[in-house]
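> Sequence and computational prediction follow.
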Amino acid sequence: MKAKAIADDVEIALSDRSIEAPWPFVLNVVREYGNKTQQAALNFRFKPTASSADRLSQFMDELKSTRLARSAPAANSILVDIESSLRQLGFTRRSLKPFQVRDLRQLLFLKHGANFSVPGAGKTTVTFALHLLIAASETTLFVVGPKSSFAAWRAVAGECLEGDLAESEQFVVLDGDRHKNGQLLASGARRFLITYDLAVRQADIIASFLARRPVHLVLDEAHRMKAGLGSQRGAFLLNVATLPVRRDILTGTPMPQGAADLAAQLAFLWPGQGLDLQITRGAAPREVSKSLYVRTTKSELGIPPARRHYIQVGMASGHLALYSVIRNEALRQLTLVAGAKDVSQIDFLSARKSVMRLLQLSTNPLLALQGIAKDTIGFNSGIASQVLAEGPSEKMRAVEAHVRSLADGGKKVLIWTIFTDSLLELERMLADLNPVTLFGGVPSGPDTDLATREGRIRRFHEDPECRVVIANPAAAGEGISLHKVCHDAIYLDRSYVSTHYLQSIDRIHRLGLPEGTETNIYIYQTKAPAGLGSIDFSVSRRLATKIRSMQQLLDDPDLHKIALDEEEADDPIDFSMDLQDLVDLVEELEGTARSFTETEEL
């Protein structure tokens, strides 16, 4: 057992006759060594004492419940008239859609549950209704989520409950220091909201509250804990997972990078049951999770599919030469990473820096040049001078022209870019269209203040002269809705993170689209010569793989279509120029090319 404790890398206290460990680890030990035959073979017996006997009994009940739910979907066995029961609880201002009733019925059957529905399917409403139906009078609803999710939670009571009840069910936002939040938790309130980061920073008072009170704990955008014990937020949530009386997770993208992302979320929902271990050992996520989650798809919402267009744009000569030089250095760095035999030898920081520089260089050579010139000793000034003379990249100019064309047709446009520098450059290029920008440096605040995220979103909705919003998907991919006024999104560039891409699409492609509306997604890719490789194509290929994995888990036709579009898009490779052509171009710009006569060319 000591060997297992050490191998599992948990915080433990060892002595000759005891092991002190977090309860989730204890449950893993009980699950692995709890069989009487195995205990007899190893010549020992478990003997639960004091409160551990009750907690182990609760664990066994949950284990049986999970196995039953996985073996046969039993939503139909919940014969409660859900809508009638909700009306008796004052849930009268909103009628649930059939798919919401279906999801709620399945979640009621589960001891703990996951809602992987798409944005717009009403995950907040369904979870609030679930809480009303399962919670005892003293149970607290405690939601951990990104700040962008708070508006929906603060509004849900008023949108669903009668006046007096809605007032008593308002959420308290925990956004103060340790002393202030401690007072709020002791105030007797029964609805709380807190961000992931603040929950981690004040882990002791949150854990103490979860231990003292019966709590229904909900993780919104639960993929944010996907790193599990490898991150502070994941480690904190896994360590307190056994304290709440009920746990629910909400996310439309449960596997943004791969199957391993799901493991930590399953460990949080069902600690000690080994579902996470099955995932990490290679079991198919869909086989492991089976009926333990619900999902409403866009097709079930009746939203017509978005149309995706892939547009390849070449590079100017100086841009191409610079891309080649940096590509060679990045290739050298990444080859070292891929060939390393020992993980400890891998310089992940340098590898990541190489990838990010290629992503930026693919789109915005002017701004990439600043960092390159600073970091690269002896960098050739001939290439730099050529890049400066060319100005914004061909891709940025093409996006600018496209936006102007759409704006001339009376349309509002959403532009996505992963780099703040590129965002600000586009803002300058499109200044006459009165753009607003959304990125990490823009604070939340009242919608009457144009310096805030909310104020800028309101302006985009209401000001006819404001034709464009330029946004970073990491900062604005959640919590905003633009589908009432905008139906065209342009991606200047994309990262390898599928969550950012999928959630950014949902800003304009979601429930509530005007009838007959066509949603267009334009994805710009930098075309590279044959043999050089386009990082934009690498991004597209990896996104397709990740989205395909989620599609296989969630059986979602919309995800299938998105992955298929990525897979069938043309390669952004220019076969009219080969690698030797590029070598000659670099030599010419560097001033190292040999001279030649016109007769040689002929």
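Received the coordinates, thanks.
> what residue ranges in the protein are flagged as low confidence?
Applying pLDDT under 70 to the chain flags residues 5-10, 72-79, 337-348, 373-380, 575-579, 581-602.
> moving C-terminal of the helix ranked longest in it, what's the next helix or strand?
For the chain, the longest helix by residue count, based on DSSP state H, is helix 317-339. Downstream of helix 317-339, the first helix or strand assigned by DSSP states H and E is helix 348-363.
> list the buried ones in that following helix?
351, 354, 355, 356, 357, 358, 359, 360, 361, 362, 363 (16 or more other CB atoms under 10 Å). C-beta here means a position set from N, CA and C on the backbone, and glycine is covered the same way.
> what about the fifth one, distance to residue 480?
Counting by CB to CB, to the nearest Å, the gap between residue 357 and residue 480 amounts to 29 Å.
> ok now the longest helix of the chain, how far from the chain's centre?
Here helix 317-339 is found 29 Å from its chain centre; the criterion is CA atoms, centre = their mean, to the nearest Å.
> So for it, what gets flagged as buried?
Neighbour count says helix 317-339 has 317-327, 330, 333 buried, by 16+ other CB under 10 Å.
> can you state the direction angle for that helix and helix 348-363?
Using axes from the mean of the first three to the mean of the last three CA atoms, to 10 degrees, the inter-axis angle of helix 317-339 relative to helix 348-363 is 150 degrees.
> what's helix 317-339 packed up against?
Under the contact definition 3 or more CB pairs under 8 Å, 6 or more residues apart in numbering; DSSP states H and E, helix 317-339 sits against helix 348-363, helix 365-375, helix 381-390, strand 528-529, helix 579-590.
> again, only using 6 Å
Here helix 317-339 touches helix 348-363, helix 381-390, helix 579-590, going by 3 or more CB pairs under 6 Å, 6 or more residues apart in numbering; DSSP states H and E.
> Report the angle between it and helix 365-375.
Using the same axes, to 10 degrees: helix 317-339 against helix 365-375 is 60 degrees.
> How about the residue nearest in space to the middle of the chain: what's its closest non-neighbour residue?
Using CA atoms, centre = their mean, the residue of the chain that lies closest to the mean C-alpha position is residue 499, 3.7 Å off. Counting by CB to CB, 6 or more residues apart in numbering, residue 499 lies nearest to residue 256, which is 3.8 Å off, once chain neighbours are set aside.
> got the domain boundaries for the protein?
Structural domains annotated on the chain: 54-296, 313-391+580-590, 394-577, as defined by automatic domain parsing.
> hmm, back to that, output the buried residues of helix 348-363 in JSON lines, with distance to residue 285 appended to each entry.
Converted to JSON lines, those look like this (distance: CB to CB, whole Å):
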{"residue": "351", "distance to residue 285": "27"}
{"residue": "354", "distance to residue 285": "31"}
{"residue": "355", "distance to residue 285": "26"}
{"residue": "356", "distance to residue 285": "29"}
{"residue": "357", "distance to residue 285": "33"}
{"residue": "358", "distance to residue 285": "31"}
{"residue": "359", "distance to residue 285": "28"}
{"residue": "360", "distance to residue 285": "33"}
{"residue": "361", "distance to residue 285": "35"}
{"residue": "362", "distance to residue 285": "32"}
{"residue": "363", "distance to residue 285": "33"}
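> Relative to residue 172, which of those residues is nearest.
residue 356 (39.3 Å; CB to CB).
> For residue 28, see how far away the closest one is.
Distance from residue 356 to residue 28, counting by CB to CB: 37 Å.
> pretty sure residue 200 contacts residue 232?
Yes - using CB atoms under 6 Å, residue 200 is in contact with residue 232, at 4.8 Å.
> hang on, the earlier thing: any chance of the domains of the chain in TSV with distance to residue 17 as columns?
Below are the domains of the chain laid out as TSV (distance: least, CB to CB, whole Å):
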stretch	distance to residue 17
domain 54-296	21
domain 313-391+580-590	35
domain 394-577	44
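> Nearest to residue 46 among those domains would be which one?
Closest among the domains of the chain, using CB to CB: domain 54-296, at 8.5 Å.
> Return the distance of that closest one from the chain's centre.
17 Å.
> and the end-to-end length of it?
Terminal residues of domain 54-296 are spaced 37 Å apart (CA to CA, to the nearest Å).
> What of stretch 47-56?
End-to-end for stretch 47-56, by CA to CA: 11 Å.
> Any buried residues in it, and which?
residue 56.
> Going forward, the N-terminal residue is numbered 45.
With the count now opening at 45, the last piece we talked about shows up as stretch 91-100.
> Can you give me the distance of the residue nearest to residue 543 to residue 313?
Per CB to CB, residue 300 is found 18 Å from residue 313.
> how about the helices of the stretch 145-294 of the chain, start to end?
Applying DSSP state H, counting those that start in this stretch to the stretch 145-294 of the chain gives helices spanning 167-178, 194-204, 207-212, 222-229, 240-245, 247-256, 276-283.
> Please convert those helices to a markdown table, extending it with mean neighbour count.
Below are those laid out as a markdown table (neighbours: other CB atoms under 10 Å):
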| stretch | mean neighbour count |
| --- | --- |
| helix 167-178 | 22 |
| helix 194-204 | 18 |
| helix 207-212 | 13 |
| helix 222-229 | 15 |
| helix 240-245 | 18 |
| helix 247-256 | 16 |
| helix 276-283 | 21 |
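> Any idea which of those helices gets closest to residue 130?
Among these, helix 167-178 sits nearest to residue 130 (CB to CB), with 5.8 Å.
> Can you tell me which helices and strands that closest one packs against?
helix 142-153, helix 194-204.
> switch to 10 Å and redo it
helix 126-132, helix 142-153, strand 157-159, strand 184-188, helix 194-204, strand 259-264, strand 290-294 (3 or more CB pairs under 10 Å, 6 or more residues apart in numbering; DSSP states H and E).
> Packing partners of the third one?
This points to strand 157-159. Strand 157-159 is packed against helix 142-153, helix 167-178, strand 259-264, strand 290-294, helix 304-313, strand 337-338, with contacts defined by 3+ CB pairs under 10 Å, 6+ apart.
> ditto for the fifth one
Counting contacts by 3+ CB pairs under 10 Å, 6+ apart, the secondary-structure elements packed against helix 194-204 are helix 167-178, strand 184-188, helix 207-212, strand 216-217, strand 235-238, strand 259-264.
> would TSV of those with distance to residue 563 be doable?
Below are the helices and strands packed on helix 194-204 laid out as TSV (distance: least, CB to CB, whole Å):
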stretch	distance to residue 563
helix 167-178	21
strand 184-188	30
helix 207-212	34
strand 216-217	33
strand 235-238	31
strand 259-264	25
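> Which of those sits closest to residue 98?
Of the helices and strands packed on helix 194-204, the one closest to residue 98 (CB to CB) turns out to be strand 259-264, at 17.5 Å.
> partners of that closest one in the sheet?
strand 184-188 (parallel), strand 290-294 (parallel) (DSSP bridges).
> If you compare the directions of that strand and helix 247-256, what angle comes out?
130 degrees.
> Report the angle between strand 259-264 and helix 194-204.
120 degrees.
> the inter-axis angle of strand 259-264 versus helix 304-313?
Using the same axes, to 10 degrees: strand 259-264 against helix 304-313 is 170 degrees.
> got the strands paired with strand 259-264 as TSV, with distance to residue 610 columns?
Formatted as TSV, those follow (distance: least, CB to CB, whole Å):
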stretch	distance to residue 610
strand 184-188	32
strand 290-294	26
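> As TSV, these with mean neighbour count would be great.
Converted to TSV, the strands paired with strand 259-264 look like this (neighbours: other CB under 10 Å):
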stretch	mean neighbour count
strand 184-188	24
strand 290-294	24
